[in-house]
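> What follows is a predicted structure for the sequence shown.
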Amino acid sequence: MKKIIIVLSLCFLMFSCGSSFQSFYNNHKADLGVTAFQVPNFMKAVLSNISPEVKHAIGNISDFKYIKFENINTFKRQSLITEMNAVTNNGFTDVFRKNDATNTRIISVGEVGVVVTDVIIFASSETETTAYYLQGNFDPEKIKSFANEETFDTFSNDLLQMYQNNLNPSFNPEN
C-alpha cells in the first residue's frame, strides 16, 4: 500500500507541477531548507561581472534562476529528480546525464537551430540538490564542459559569490 501511495504522489507531482523550469522553481522556492533566487532585469548588469572563465564558458545570459535544496531525504531527492526529468523531457536535449545511487547530474539544453538558447544544469546528491536555469546564447561545446564536476563547482561558487557580493545591502537579508 505504501508503494502505491508513493507512486501516486510522484505522479501527482509530475502533473501538478507543470513541466517547465519556471513551474519547478515556483513550486519549490518556498520549501523549507531551500535557497533560491531569480535575477531581476535591473540586476542583469551583475551577471556581466562574472569571472572571465565562467563568462567565456557560458556566454551572455538574459535570464538566470537558481535553486538549492539542502538536507533532503531519499523521497524528496527522488521526487526532485522525477520532476526535473519531466522538465528536461519537454523541449530539451540532454548533453550529459549521469544517474547513480549517490549522484545524479543532468545538463540539458534547448536549441533554436544550432544555437543553444536555454540551459538547465541539475546536480543531486544524497544530501543536496542544485538546479540552474540559464537563458541566452551559448556555445554548445562550452556547455558540455559542465559535465566535469570541478567545472560545475567552480561555476556555482563564482556565480553565487558574484551575485551575493553585488546585491544592494537593502536587498541582502544577511546585511
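Now that the structure is in, tell me what you want to look at. Residues are numbered from 1 along each chain as shown.

> low-scoring pLDDT stretches of the protein, where are they?
Scanning the chain for pLDDT under 70 picks out 1-18, 41-59, 162-175.

> Okay, strands next: where are they in the chain?
34-38, 60-70, 93-99, 103-112, 115-125, 128-138 (DSSP state E).

> Any chance of CSV for the ones you listed, columns distance to His28?
All C-beta atoms are positioned from the backbone trio N, CA, C, and that covers glycine. What follows is those, written out as CSV (distance: least, C-beta to C-beta, whole Å):
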stretch, distance to His28
strand 34-38, 6
strand 60-70, 6
strand 93-99, 21
strand 103-112, 16
strand 115-125, 13
strand 128-138, 9
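
> possible to save these as TSV with distance to Ile81 and mean neighbour count?
Putting those into TSV (distance: least, C-beta to C-beta, whole Å; neighbours: other C-beta atoms under 10 Å) gives the following:
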stretch	distance to Ile81	mean neighbour count
strand 34-38	16	15
strand 60-70	11	18
strand 93-99	8	14
strand 103-112	5	18
strand 115-125	6	20
strand 128-138	8	19
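
> among the ones you listed, which is nearest Leu80?
Closest approach to Leu80 among the strands of the chain (C-beta to C-beta): strand 128-138, 5.1 Å.

> partners of that closest one in the sheet?
strand 60-70 (antiparallel), strand 115-125 (antiparallel) (DSSP bridges).

> Render the CA-only coordinates of the last one in CSV, please.
It stands for strand 115-125. Output in CSV follows, covering the C-alpha atoms of strand 115-125 (Å, rounded to 0.1, in the frame of the first residue of the first chain):
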residue,chain,number,x,y,z
VAL,A,115,22.2,28.0,-31.2
VAL,A,116,21.8,26.9,-27.5
THR,A,117,19.3,29.3,-26.0
ASP,A,118,18.3,27.5,-22.7
VAL,A,119,20.4,25.5,-20.3
ILE,A,120,19.4,23.5,-17.3
ILE,A,121,22.2,22.3,-15.0
PHE,A,122,21.0,19.9,-12.3
ALA,A,123,23.0,18.1,-9.7
SER,A,124,21.6,15.9,-6.9
SER,A,125,23.5,14.1,-4.1
